[in-house]
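J.: With the sequence up front, the predicted model follows.
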Amino acid sequence: MAASPRELTQNPLKKIWMPCKNGHPERHISQRRVCMTNCPTLIVTVGLPARGKTYISKKLTRYLNWIGVPTKEFNVGQYRRRCVKIYKSFEFFSPDNEEGLKIRKQCASTALNDVQQYLSSEGGQVAVFDATNTTRERRNVIIKFADQNGYKVFFVESICEDPDVINANIVQVKLGSPDYADCNTDEAVEDFMKRIKCYENSYETLDEVLDKDLSYIKVMDVGQRYLVNRVMDHIQSRIVYYLMNIHITPRSIYLCRHGESDLNIKGKIGGDSGLSERGKKFARHLGDFIHEQNIKDLKVWTSQMKRTIQTAEALGVPYEQWKALNEIDAGVCEEMSYEEIQEHYPLEFALRDQDKYRYRYPKGESYEDLVQRLEPVIMELERQENVLVICHQAVMRCLLAYFLDKSAEELPYLKCPLHTVLKLTPVAYGCKVESISLKVEAVNTHRERPENVTVNRSREEALQTVPSHL
Amino acid sequence: MPRELTQNRIQKIWIPSKDDKPAVPRRAGGPYFTNSPTVIVMVGLPARGKTYISKKLTRYLNWTGVPTKVFNVGEYRREAVKQYSSYDFFRPDNQEAMKIRKQCALSALTDVKSYLLEEGGQVAVFDATNTTRDRREMILNFGKENGFKVFFIESVCEDPNVVATNIMEVKVSCPDYKDCNKTDAMEDFLKRIECYRASYQPLDPDNYDRDISFIKVIDVGRRFLVNRIQDYIQSKIVYYLMNIHVQPRTIYLCRHGESEHNVLGQIGGDSGLSSRGKKFSGALSRFMEEQNLKNLKVWTSQLKRTIQTAETLSMPYEQWKALNEIDAGICEEMTYEQIKERYPEEFALRDQDKYYYRYPTGESYQDLVQRLEPVIMELERQENVLVICHQAVMRCLLAYFLDKSADEMPYLKCPLHTVLKLTPVAYGCKVESIYLNVEAVNTHRERPEQDVKRGPSTLMRRNSVTPLASPEPTKKPRIKSLDDHMASTSTSLSGFAASDISTAGQPLLGKACLT
């Protein structure tokens, strides 16, 4: 029988309606964003050394965290390095090395303990257990562990026999590993090859029949082919989709904002104004820059706001307009300066400073909303090769946070000044950033978090960090 | 000199203009518009769900704005051989029949070519068994000659229960068996399948078919093998196929209870329920209880009125921002009369092209579809779901399930206090409309009279979602123009039972079309 419906109150920060009792919000599951999964998930990598397991682990972790799923990787190799201070040679990994086997098993065990801590006590949602896990026996240990704790298990196996790829991996990430700090290149490569050999004999790949009830994806030849078995839920489906869209072809992503706009000069946010004279100059410089860079098959993306399109127009190349790249919607504060916001909505202004990532403008959006809106852009960026994205301050912060693995706390304060291009190039496990200023003056639109974020602060305290403008 | 920009009046898109006149809108667009068209080729023994997948995929792609059409060779065969006698027709040693069948396949391919090269099609789904390498080789060559990408979807299933269920669901009632009883039909069809089995050469990823792009769907989605995805559209197709399932389930769509704004005739906003709206919530709660569902997910938007409605159900619900009502921008919280008075031009433009029309600083139906795509994807993954949303949003979702075009979508009838119960059946969706007997205002605005000037053909852009209803499968070798297809499509795919609503304008929905 339907009980009397509870009263609703709107959370002042996120503008989410929640049931309340006597004016106090009641905790309710409905507050959570779309339920990704019912129980924590343990992702388990499988594969010989130098097959990209750690690359996949880190990238996947970065992606999941960015979309709001608390994720952490647990690399057993690092546990081993903590345990065995000095790496001598591949002999450590020899299958007859009893001592070595014991230590390695212990490390895996310790890592699993930490996984349990993370998923069951620290609010983690996904743990990525990054190790070779090449025997069925080891995998059974993990499955049992997961069963006991109520975690779902999803295996990600990477199979590759292309010697060029393996060599490239070794050069990119193994030579620089602490294990080989005191070796020269040839020695390191030779030792590592022998290390791989140690695993080969006992390698039991995920089998169509023997492992038919497990959930897994086999990534073959760096994404040429995939085998997907028993995807159980939403998060596993998203993980599979993500893994099928990433690639390792070298390329660069260029991020920049539109040229300085008329509203920028007045210190006002949002709106749909055109470029100022300096903004137009930037657009021309950007065009020159792009031509100088001589980038192969460059795609250019803009938002659907005039200022980014005007900027792209100056490049003289085809471009695509994405509504998803539009600037954050400031709702009732659209086209106001910070001074005006402080005057008309001092409470909102303070709340924003208290939690800039989750704060949603009345009738507008939050950074958290932006990330959700931008996810398809990120997915397509992963598919693409060379791309120039001409967007906006808040949008650029979100994209940058994805590539540079910045937390929700840091994201809204990342520096993305006007008239500056950020060139991102994937390297090893991360992303190299080059910041290129195109030498055209512009206002500063970056507002740091002020000291006093309480709702009863003074006007001066609130406006302490507002950059100067007309 | 950079070109001047003007803002297209309907879509509010900035485009370069010359002398203050908008430049001819390029059919600019994303990868999948400027790249080569794609031929999706189904592969598999009979009764493996090829047609089911073809139709569903086509519906999805059209809804997201990718012009797609199914070419079912079986239908060409039915045109050529008016009366089906028995499985003997499919025997491998039946020379005469083999000739006819090959001719039908070629005929269908000719139509594919025409659709993709001359009629604006982007994806053609070639639905036939295509079980031999020879046949697939021929199609690959066809693709190469015409500059089409080819993507194979193979459905492999040896579970006799699944196969038997398929036969019962869609084969025994198909035109081939109209004069047979069920048992005879089943028996004949099983023999038909055997005719293909000996010559069936499944896709071989390790050797022979190493270099072609395909997905193998094994045991109705338990397992997938994906080889060489080439582009965005193939990636989307694979993702979609991996999320759909065939478990029986029901989707309930309804709007929030009548809101205070509804009563005043105001659009948008974030008001609470009126007293009749609250009464509806109670009725909804009782109704859902009566439905006696084992597991039910309840989704709402993040606007107060849907949440208030859900609260009465006393069960957990999830709030989706993506389900929020269309943003009416500067027209938020105005009545239609006020809009007409304050912004007469905008008011007229909206009536001119309601699907593409974007409110100034707001959204269009086209934007809504893009926003709702993840909701649809998750709905496909789920089982029993009740979605409590809003008028425009519900229209978009309904258009997806009932295969309605962009043109029809903004005028679908989604009255307050009425639940639409959608159940997948055969190749389509059964719809039941249940009015919960609580009065409410009518918020539906009909399409204005025909003499309203239609604007110039609107831009197609990337993520430019222009749902086209999946065109009628071509039966005759001669092709009708795409426009004719659009006009004649009244989605014979949906069944309509129990109508409590006065649907004067609603197109009659016929019985599910069974090929």
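T.: Good, I have the coordinates.

J.: what residue ranges in the chain score low on pLDDT?
T.: Going with chain A. In the predicted model of chain A, residues A:1-5, A:22-37 satisfy pLDDT under 70.

J.: Chain B was what I was after
T.: Low-confidence segments of chain B (pLDDT under 70): B:1-2, B:18-34, B:450-515.

J.: Residue B:440 and residue B:391 touch, don't they?
T.: No - the criterion here is Cβ atoms under 8 Å, and residue B:440 misses it with residue B:391 at 11.8 Å. (C-beta placed from N, C-alpha, C; glycine too.)

J.: if I look at the two, which residues touch both of them?
T.: The contact sets of residue B:440 and residue B:391 do not overlap (Cβ atoms under 8 Å, 6 or more residues apart in numbering or on different chains).

J.: Tell me how far stretch B:310-330 lies from the chain's centre.
T.: Remark: stretch B:310-330 is offset 23 Å from the chain centroid, using Cα atoms, centre = their mean, to the nearest Å.

J.: ok, now stretch A:105-121?
T.: Averaging C-alpha positions (Cα atoms, centre = their mean) puts stretch A:105-121 24 Å from its chain's average.

J.: So what touches it?
T.: A:40, A:42, A:72, A:74-76, A:79-80, A:83, A:124-125, A:127, A:129, A:131, A:138, A:141-142, A:145, A:149, A:151.

J.: swap the cut-off to 7 Å and go again
T.: Here stretch A:105-121 makes contact (Cβ atoms under 7 Å, 6 or more residues apart in numbering or on different chains) with A:40, A:42, A:72, A:74, A:76, A:79-80, A:83, A:124, A:127, A:129, A:131, A:145, A:149, A:151.

J.: Then stretch B:350-363?
T.: By Cβ under 7 Å, 6+ apart, stretch B:350-363 touches B:10-12, B:326-331, B:346, B:349, B:364-367, B:406-407, B:409-410, B:448, B:452-455, B:458.

J.: what does stretch B:386-398 give?
T.: Contacts of stretch B:386-398 with the rest of the structure, by Cβ under 7 Å, 6+ apart, involve B:252-256, B:288, B:296, B:298-301, B:306, B:309-310, B:323, B:325-326, B:365, B:368-369, B:372, B:409-410, B:412, B:414, B:420, B:443.

J.: cool, stretch A:398-413 as well?
T.: Residues outside stretch A:398-413 that contact it (Cβ under 7 Å, 6+ apart): A:62, A:66, A:255, A:356-357, A:367, A:370-371, A:374, A:378, A:389, A:397, A:414, A:416, A:422, A:424, A:431, A:433, A:448-449.

J.: And it, what's buried?
T.: Neighbour-count burial for stretch A:398-413 flags A:398, A:399, A:400, A:401, A:402, A:403, A:404, A:405, A:406, A:408, A:411, A:412 (criterion: 16 or more other Cβ atoms under 10 Å in any protein chain shown).

J.: Mind jotting down where the helices sit in the stretch 351-500 of chain B?
T.: B:365-381, B:391-402, B:482-488 (DSSP state H, counting those that start in this stretch).

J.: whoops, I mixed them up, the stretch 201-350 of chain A
T.: A:234-245, A:262-265, A:277-293, A:306-313, A:338-344, A:346-354.

J.: Run through the neighbouring helices and strands of the longest one.
T.: Going back to what we said before, that points to helix A:277-293. Where contact means 3 or more Cβ pairs under 7 Å, 6 or more residues apart in numbering or on different chains; DSSP states H and E, helix A:277-293 is packed against helix A:306-313.

J.: Looking at the helices of the stretch 201-350 of chain A, which is nearest to residue B:6?
T.: helix A:306-313 (10.0 Å; Cβ to Cβ).

J.: give me every residue that touches residue B:131.
T.: With contacts defined as Cβ under 7 Å, 6+ apart, residue B:131 is in contact with B:43, B:45, B:196, B:199, B:200, B:201.

J.: just checking, residue A:74 is part of a strand?
T.: Yes - judged by DSSP: H, G, I helix; E, B strand; the rest coil, residue A:74 forms part of a strand.

J.: Tabulate the helices of the stretch 351-500 of chain B (TSV), appending mean neighbour count and distance to residue B:165.
T.: Below are the helices of the stretch 351-500 of chain B laid out as TSV (neighbours: other Cβ atoms under 10 Å in any protein chain shown; distance: least, Cβ to Cβ, whole Å):
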stretch	mean neighbour count	distance to residue B:165
helix B:365-381	21	20
helix B:391-402	24	22
helix B:482-488	14	32
